[in-house]
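1. sequence and predicted structure below; questions after.
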Amino acid sequence: MKDRPSISIAITTYNRHDMIGGALVNLIDDDRVSEIIICDDASADVKDLVRAVDNIVGIYNTTKIKLITHSDNVGG
């Protein structure tokens with residue numbers, strides 16, 4: 001049987017702290033996913049986003065998640 005590929009997932013977000021938990025929970029347990037990179041585009045709710053991501057990291061005790069935040073909106 002072939003080895004399964006390792007996948008990096010990138011999630012862009014803007015003012016969606018309330019949705020990030022569901023997205024992360026669906027990805028964390030997938031053994032193909034080696035890292036999940038979340039990039040926030042200067043959200044007004046960035047403190048809530050950081051708190052939500054920290055909460056998921058703590059519950060799942062994972063190092064897969066990386067959070068990048070921008071202080072200025074850089075767009076897509």
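-> Structure's in. What do you need?
2. from here on, contacts and neighbour counts on C-alpha atoms
-> Noted.
3. work out the gap between the lowest-mean-pLDDT helix or strand in the chain and the centre of the chain.
-> Sorted by mean pLDDT, DSSP states H and E, the helices and strands of the chain end with helix 17-28, the least confident at a mean of 93. Averaging C-alpha positions (Cα atoms, centre = their mean, to the nearest Å) puts helix 17-28 7 Å from its chain's average.
4. next secondary structure after that helix?
-> The element immediately downstream of helix 17-28 (helix or strand, assigned by DSSP states H and E) is strand 33-40.
5. pLDDT averaged over that next one - what is it?
-> If you average the pLDDT over strand 33-40, you get 96.
6. buried set for it?
-> Of all the residues in strand 33-40, those buried under the rule 16 or more other Cα atoms under 10 Å are 34-36, 38-40.
7. what angle separates the following helix or strand past it from helix 17-28?
-> Next along the chain after strand 33-40, taking DSSP H and E as the criterion, comes helix 46-60. Helix 46-60 and helix 17-28 are oriented at 30 degrees to each other (axes from the mean of the first three to the mean of the last three Cα atoms, to 10 degrees).
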